[in-house]
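Asks: Sequence and predicted structure below; questions after.
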Amino acid sequence: MTDELRPQKRGRRIAMSREELDAFLAAERTCRVATIGPDGPHATPLWFGWDGSALWLNSLTRSKRWADLRRDPRISVVVDAGTEYQQLRGVEISGTAEVVGEAPRTGEPEPALAEIEPLFARKYLGGDEMIHDGRHGWLRVTPTKISSWDFRKLAELR
């Protein structure tokens, strides 16, 4: 994470530790991505990867989300889990998105993707190899703010 990361102000007592946040983002599979388009906000679910400092999105390059981010790179992403109130936990990442590598991706060697592609492939595809379909590209979300919550910690505060 960058040194310019804004600190979480509210809910610090139920915030995840760095280790908890990393484990949570490694385990959860779906995020909700919010972009800003010409007609206003646009929110979509998407798979993601977390490398410990940036969130990576493998997105269709012909999607509204991609067009929105090319026009305005500001982004907010939420990953959450839990069904009962006492079990709710999640992470919100706000920052900027940038295209990394060729877009759409066909598999040309790209050192910046050497870590995230195998991580993503293991998480979603069951192996170390990415499938490059010529329709998707990589977006790296550089966080400016990360907020987290784990309502399971509320029991400890009583």
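Replies: Noted; the coordinates are in hand. As the structure is a computational prediction, the values presented were derived from the model and not from experiment.
Asks: Pairing-wise in the sheet, spell out the partners of the residue positioned nearest the centre of the chain.
Replies: Residue closest to the average C-alpha location in the chain (CA atoms, centre = their mean): Leu55, at 3.9 Å. In this entry, Leu55 is beta-bridged to Trp50, Val141, by DSSP bridges.
Asks: can you list the residues that contact stretch 32-49?
Replies: In this structure, residues lying in contact with stretch 32-49 by CB atoms under 8 Å, 6 or more residues apart in numbering are 25, 29-31, 55-59, 63-65, 67-69, 71-72, 74-80, 116, 119-120, 123-124. (Glycine included, C-beta is placed from N, CA and C.)
Asks: Show the buried residues in those residues.
Replies: In these, burial by neighbour count holds for 25, 31, 55-59, 63, 65, 68-69, 75-77, 79-80, 116, 119-120, 123, counting by 16 or more other CB atoms under 10 Å.
Asks: List phi and psi for the nearest residue to Leu113 once chain neighbours are set aside.
Replies: In space, Leu113 comes closest to Gly101 once its chain neighbours are excluded; the distance is 5.2 Å by CB to CB, 6 or more residues apart in numbering. Main-chain torsions, Gly101, degrees, to the nearest 10: phi 80, psi -170.
Asks: so what pLDDT did Gly101 get?
Replies: Looking at Gly101, its pLDDT is 96.
Asks: With Thr2 instead?
Replies: In this prediction Thr2 is given a pLDDT of 46.
Asks: just Lys9 next, same as before
Replies: At Lys9, pLDDT is 62.
Asks: go on, Asp51?
Replies: 97.
Asks: So that it lines up with my notes, have the first residue be 143 from now on.
Replies: Yes, from this point I'll number from 143; that puts the last item at Asp193.
Asks: Which strand or helix spans Ile273?
Replies: Assigned by DSSP states H and E, Ile273 falls within no helix or strand.
Asks: That one contacts Phe262, correct?
Replies: No - checked against CB atoms under 8 Å, the pair Ile273 and Phe262 is beyond contact range at 10.3 Å.
Asks: circling back: now go through the buried ones among the contacts of stretch 174-191 and say which are in helices.
Replies: Leu167, Arg207, Asp210, Leu211, Ile258, Leu261, Phe262, Lys265 (DSSP state H).
Asks: Contacts only, for the fourth one.
Replies: It refers to Leu211. Taking CB under 8 Å, 6+ apart as the criterion, Leu211 is in contact with Thr177, Ile217, Ala239, Leu281.
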